[in-house]
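A.B. asks: pasted the sequence and its predicted model underneath.
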Amino acid sequence: MDTVGGGVAPSQGCGEALKVAREQAGLSLQEVSQRLKMPLKVLHALEGGQWDQSGGAVFVRGQLRSYGRLLKVDVEPFLQQAEAVVSKPAELVSHSHTPRFQYFFESLKRRAVYVVLTLVIATPVWMALRPASGPAPDAATASLDIVPSVQYSPDTAEGTRPVGRPQATPYVASMAPIPRATTSWLTLTFKGDSWVEVNDPDGRKVEHALVRAGEERRYAKGEVGRVKLGDATAVEVQHAGSTVSLAPYQRANVARFTVSSEGSLAPVGD
């Protein structure tokens, strides 16, 4: 295997040696490309000494060794120099420099955009929710207005207590029989269940019903014309404040009597 050396650049010296050996072997670049399965542009770069265009140092070493074995050229003396050429790190060049003031301005602008977007999104939501939540205080106020109307009515006249009178009025109305009780002329007290028929002096029905034990009926003078008790033993009759014996008016368990216009009791004739 031939040894390549000299005072030329390693890439150019190796590339020239490979090119001369290929031409002496009578091979074209296309034939070498087919045998080595290597692209033509890589072969051109290797022969032209443009190793930095052939890839990384590892690839360049492998390509040079493959090319050298094919042409029987010793390329080892060039490999160390090739690695230094190919592996030289590229210098990073800053193409742009942002001044500090410009950086601060851009940062402030981004924050302003964020605030504006937040307001744009939040404002419609707040406006949409406001009508829904608005009536709630009104409803609460209305309900509070109703409550004081009941609670404050006793306080409006604390000294005279007029509220007590309206309450007494329905009480007296609900106890309407009480005045008649004080002036009752005929009282029927039921110690047991009994059917009772009470008619006025004109024969109209005052009460026809089954009265339960413990109940009481009171009538004023001139209100009753005729009385029939289905169970005389279960009813106590008081006339003008005195207890009346039902024996004169009783037949079996049924008692019948009339009340005259003067107020006297008399049995019912057959």
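C.D. replies: Looks like it arrived, so ask away.

A.B. asks: top helix in the chain by residue count?
C.D. replies: Of all the elements of type helix in the chain, the one with the most residues (DSSP state H) is helix 100-133.

A.B. asks: got the buried residues for that helix?
C.D. replies: By neighbour count on 16 or more other Cβ atoms under 10 Å, the buried set for helix 100-133 is empty. Bear in mind the C-beta positions are built from the backbone N, C-alpha and C, glycine included.

A.B. asks: report the mean per-residue pLDDT for it.
C.D. replies: The predicted model gives helix 100-133 an average pLDDT of 82.

A.B. asks: next: stretch 214-232.
C.D. replies: If you average the pLDDT values across stretch 214-232, you get 90.

A.B. asks: now the strands: where do they sit in the chain?
C.D. replies: When secondary structure is read from DSSP state E, the chain shows strands at 2-3, 73-74, 186-190, 194-199, 205-211, 216-219, 226-229, 235-239, 242-244, 250-251, 254-259, 265-267.

A.B. asks: Ser242: neighbouring residues, count only.
C.D. replies: Burial measure for Ser242: 7 neighbouring residues, criterion other Cβ atoms under 10 Å.

A.B. asks: quick one: buried residues of stretch 260-270?
C.D. replies: Leu265.

A.B. asks: give me the contacts around it.
C.D. replies: Stretch 260-270 is touched from outside by 185, 201, 221-222, 226, 239-240, 244, 248-249, 256-259, with contacts defined as Cβ atoms under 8 Å, 6 or more residues apart in numbering.

A.B. asks: now do the contacts for Arg111.
C.D. replies: Arg111 makes contact with no residue, according to Cβ under 8 Å, 6+ apart.

A.B. asks: output the contacts of stretch 260-270 in JSON lines, with distance to Lys109 appended to each entry.
C.D. replies: Compiled in JSON lines, those are given as follows (distance: Cβ to Cβ, whole Å):
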{"residue": "Trp185", "distance to Lys109": "105"}
{"residue": "Pro201", "distance to Lys109": "108"}
{"residue": "Lys221", "distance to Lys109": "106"}
{"residue": "Gly222", "distance to Lys109": "106"}
{"residue": "Arg226", "distance to Lys109": "109"}
{"residue": "His239", "distance to Lys109": "110"}
{"residue": "Ala240", "distance to Lys109": "110"}
{"residue": "Val244", "distance to Lys109": "112"}
{"residue": "Pro248", "distance to Lys109": "119"}
{"residue": "Tyr249", "distance to Lys109": "115"}
{"residue": "Arg256", "distance to Lys109": "113"}
{"residue": "Phe257", "distance to Lys109": "113"}
{"residue": "Thr258", "distance to Lys109": "113"}
{"residue": "Val259", "distance to Lys109": "110"}
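
A.B. asks: reformat those as TSV; add distance to Ser194 and neighbour count.
C.D. replies: Compiled in TSV, those are given as follows (distance: Cβ to Cβ, whole Å; neighbours: other Cβ atoms under 10 Å):
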residue	distance to Ser194	neighbour count
Trp185	20	18
Pro201	23	14
Lys221	23	14
Gly222	24	12
Arg226	16	16
His239	18	15
Ala240	22	13
Val244	15	17
Pro248	18	11
Tyr249	14	21
Arg256	13	17
Phe257	15	21
Thr258	19	17
Val259	18	24
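
A.B. asks: what two of those residues are the furthest from one another?
C.D. replies: Across the contacts of stretch 260-270, the two members that end up farthest from each other (Cβ to Cβ) are Gly222 and Pro248, 22.5 Å apart.

A.B. asks: buried set for stretch 228-242?
C.D. replies: Lys228, Leu229, Gly230, Asp231, Ala232, Ala234, Val235, Val237, Gln238.

A.B. asks: what is the burial count for the residue nearest to the second one when sequence neighbours are not counted?
C.D. replies: Excluding the flanking residues, the one nearest Leu229 by Cβ to Cβ, 6 or more residues apart in numbering is Ala255, at 4.5 Å. Counted with other Cβ under 10 Å, the neighbours of Ala255 add up to 24.

A.B. asks: just use 96 as the starting number from now, easier for me
C.D. replies: All right, first residue 96 from here; so that's Ala350.
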